[in-house]
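Student: Dropping the sequence and predicted coords here.
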Amino acid sequence: QEYNPVCQHLQHDFVALRGLDQRHARVGARMGAVWTARDVACQLQDSATQLAFDRPIFHLASRSGWVNDPNGPLYWKGRYHLFYQHVGGSTSWTWGLCWGHASSSDLVHWQHHQTALNPTPGGHDADGCFSGCATIMPTAAASEQAAGQAPDSCNEVPVLLYTGVVKRPDRPKGLKPSSLAVSELCVERQLAAVAADPDDPCLLKWRKVHKPWLPQPPEGLCLNCFRDPFVLERPSTDNGHIWRIMVGAGIRDSDTGMVCAGDICHTQDVRNASGPTKVPAKAAGGFRADYPTERNAPARQAATGTALVYKSKHLLSGWVFEGHLCTARDREVDGVVWECPVMAKLPYLQTNTPAAMLQQGTSSTYQDRYLFSVSIGRSPAIYWLGQYVEGRFDINHATGPHPLDLGDLLYAPNLLTDPQGRVLLWGWLSELPNPGGLHDYAGCISLARQLQLSPEGYLHQQPVPELRQLRMEPSWTAATVTIAPGESRYMRSMTVPWLRTLCAQDFKLHSNVSCKMLA
């Protein structure tokens, strides 16, 4: 990508420079390379400067508190909206997650708003509003579902779809929340909120739908996860005017004795849960919630990542389980749990190659290709490129899985296809090390990336062009550069004397090759 040869921008935009004199700083999703102290000319002089310097200024981050997954990217009345998992007053994950909210007219300058979703005491999201997505639906359909007065003077209304959680009263003692253990600690339900005033371009107020819009998992399907809804298809003449959504999950192996996601047989006295009561494997013999947590570590790995697909004529009611989008082929590689599944049809990268020549490519390369990405409990997120038809992704003939980023931070990405037809991606950057301690914040959201399909059939990622307005001096781009293992390549003389070598767009990185900036 094009990177600005200005020390201040490089540091703020691509790497948190904490303790560079003692250890490597991992660029992670921001750049995908490892930099050492001697590679960076601009060093921090004192701790006070460091504290101020650490705080992201280009990346979206809360003024204070914990930030993780980006949620519900949405374009509405000239503004891009981005929500994110947030805990105020904490620099680590804990229960009580809400949806932080910011909006922008240009994807660069973000205006913070009040939280969009907060846990409702005694409700289906009493212990947290987990991740999800956003979409647009007809006003009439929304007013039928939302409480209070129907929105007016608008034919459509934004809707947030998310997972609400309530802690199990019999949850295992001493078990720490993790991607594989959350469902043992809480019951997950799919909830919704409707914009209270769709005429407001900032969408400051939201009205929750009181009941879950999606039933609990089907009988007999024992899952280790049931969360993070994502809209696969909106109603159109091509699909018979139906909605399709998917929900992240993992199928437990039989006879593990583990509690199943969505199982409410031990929480009937909590929130009057809707849906059938299901009994987990071996529950008839007496399910115990206080079992030693370490004994069940292997059992948690005995699962296969999947995404459940549902369809309906209406967004907030009438959902029918269709089956699985696909399932992991190799649990070691593809994951035993699929969090935050997302999918989008990729537009082609615009090149100077005549369209007629592009059509001469193989059918597998030039037919419609979809990106399907999941997060599997470790960073970075992974993805496949393949074919999607009517609720099914052909993972057996897809390419992948590939890491979505060359770093080790990007997790839980979310997608938006904007009015220009661009597929935009944001991800969570957990930051290493965690900025907690002296800091009052932790975590941020990646810069917006534009995803396209290259003429060769590969995923092409680049920062959105809007980010160029941040540049303070001219930049340059190098493309199709091949660097062999152990090779050092001088790129171009720069006007800034301390910058001599820069990672460039479309490097074909071989094994054991890293990009470094030489002072």
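Tutor: Okay, I see it.
Student: Count the residues that sit near residue 63.
Tutor: 10 (other Cβ atoms under 10 Å). The way it works is simple: take the backbone N, C-alpha and C, and place the C-beta from them, glycine included.
Student: helix/strand/coil for it?
Tutor: Secondary structure assignment for residue 63 (DSSP: H, G, I helix; E, B strand; the rest coil): coil.
Student: show me the contacts for it.
Tutor: By Cβ atoms under 8 Å, 6 or more residues apart in numbering, the contact set of residue 63 is 112, 441.
Student: any idea how far it lies from residue 82?
Tutor: 15 Å (Cβ to Cβ, to the nearest Å).
Student: And residue 74, by the same measure?
Tutor: 8 Å.
Student: Please name the bridge partners of residue 191.
Tutor: residue 162 (DSSP bridges).
Student: Would you confirm that it contacts residue 125?
Tutor: Yes - between residue 191 and residue 125 there is a contact at 5.9 Å, judged by Cβ atoms under 8 Å.
Student: Poorly predicted segments of the stretch 51-200 of the chain, please.
Tutor: For the stretch 51-200 of the chain, applying pLDDT under 70 flags the ranges 51-53, 140-154.
Student: Apologies, that question was intended for the stretch 201-350 of the chain.
Tutor: 264-296.
Student: one more time with 80
Tutor: 262-297 (pLDDT under 80).
Student: before we move on, back to that, hey, what's in contact with both of residue 191 and residue 125?
Tutor: What both residue 191 and residue 125 touch, as defined by Cβ under 8 Å, 6+ apart, is the set 162, 164.
Student: Leaving out chain neighbours, which residue sits closest to residue 248?
Tutor: Of all residues not flanking residue 248 in the chain, residue 228 sits nearest, at 4.3 Å (Cβ to Cβ, 6 or more residues apart in numbering).
Student: same question, residue 323
Tutor: residue 309 (5.9 Å).
Student: contacting residues for that neighbour?
Tutor: 232, 244-246, 321-325, 391-392.
Student: Give the bridge partners for it, please.
Tutor: residue 246, residue 323.
Student: mind checking how far it is from residue 135?
Tutor: Counting by Cβ to Cβ, the gap from residue 309 to residue 135 is 16 Å.
Student: and the contacts of residue 309, which are buried?
Tutor: Buried members of those, scored by 16 or more other Cβ atoms under 10 Å, are 232, 244-246, 322, 324-325, 391.
Student: Out of the residues you listed, which is nearest to residue 399?
Tutor: Taking Cβ to Cβ as the measure, residue 399 lies nearest residue 325 of those, at 16.8 Å.
Student: The closest one against residue 342, yeah?
Tutor: No - look at residue 325 against residue 342 with Cβ under 8 Å: they stay out of range, at 11.3 Å.
Student: Now do the shared contacts for these two.
Tutor: Shared contacts of residue 325 and residue 342, counting by Cβ under 8 Å, 6+ apart, come down to residue 372.
Student: Show me the helices in the stretch 201-350 of the chain, by range?
Tutor: Under the criterion DSSP state H, counting those that start in this stretch, the stretch 201-350 of the chain carries helices at the ranges 297-301, 331-334.
Student: Serialize those helices to a markdown table and add fields for mean neighbour count.
Tutor: Compiled in a markdown table, the helices of the stretch 201-350 of the chain are given as follows (neighbours: other Cβ atoms under 10 Å):
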| stretch | mean neighbour count |
| --- | --- |
| helix 297-301 | 15 |
| helix 331-334 | 14 |
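Student: and the ones you listed as CSV, adding distance to residue 178?
Tutor: As requested, the helices of the stretch 201-350 of the chain are arranged in CSV below (distance: least, Cβ to Cβ, whole Å):
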stretch, distance to residue 178
helix 297-301, 9
helix 331-334, 16
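Student: And these: which comes nearest residue 217?
Tutor: The nearest among the helices of the stretch 201-350 of the chain, by Cβ to Cβ, is helix 297-301 at 17.5 Å.
Student: residues making contact with the closest one?
Tutor: With Cβ under 8 Å, 6+ apart as the criterion, helix 297-301 contacts 180-181, 224, 256-258, 331, 336.
Student: Show me which residues of stretch 225-242 are buried.
Tutor: Using 16+ other Cβ under 10 Å as the test for burial, stretch 225-242 gives 225-233, 235, 242.
Student: Filter these down to just the ones in strands.
Tutor: 225-233 (DSSP state E).
Student: and which of those is nearest residue 387?
Tutor: So of these, ranked by how close each gets to residue 387 (Cβ to Cβ), first place is residue 232, at 13.6 Å.
Student: my read: the closest one touches residue 245, true?
Tutor: Yes - the pair residue 232 / residue 245 is scored as a contact, 6.0 Å apart, by Cβ under 8 Å.
Student: Look at residue 137 and give its secondary structure.
Tutor: Per three-state DSSP, residue 137 ends up strand.
Student: Identify the residue nearest it in space, chain neighbours excluded?
Tutor: residue 315 (4.8 Å).
Student: what about the one you found, neighbour count?
Tutor: Residues near residue 315, counting by other Cβ under 10 Å: 24.
Student: so how far is residue 447 from it?
Tutor: 31 Å.
Student: With respect to residue 428, which of the helices of the stretch 201-350 of the chain lies nearest?
Tutor: The nearest among these, by Cβ to Cβ, is helix 331-334 at 20.5 Å.
Student: Name the residues that touch the closest one?
Tutor: By Cβ under 8 Å, 6+ apart, helix 331-334 touches 301, 303-305, 328, 376, 382, 401.
Student: By neighbour count, which of these wins?
Tutor: residue 305 leads these on contacts (other Cβ under 10 Å) with 28 neighbours.
Student: my read: residue 470 touches residue 107, true?
Tutor: No - with contact defined as Cβ under 8 Å, residue 470 does not reach residue 107; the gap is 10.9 Å.
Student: higher neighbour count, those two?
Tutor: Using other Cβ under 10 Å as the criterion, residue 470 and residue 107 rank with residue 107 on top: 21 against 17.
Student: So that one: helix, strand or coil?
Tutor: coil.
Student: Against residue 197, how distant is it?
Tutor: For residue 107, the distance to residue 197 - Cβ to Cβ - is 24 Å.
Student: for residue 455, same thing?
Tutor: To residue 197, residue 455 is 45 Å away according to Cβ to Cβ.
Student: same deal with residue 400?
Tutor: 42 Å.
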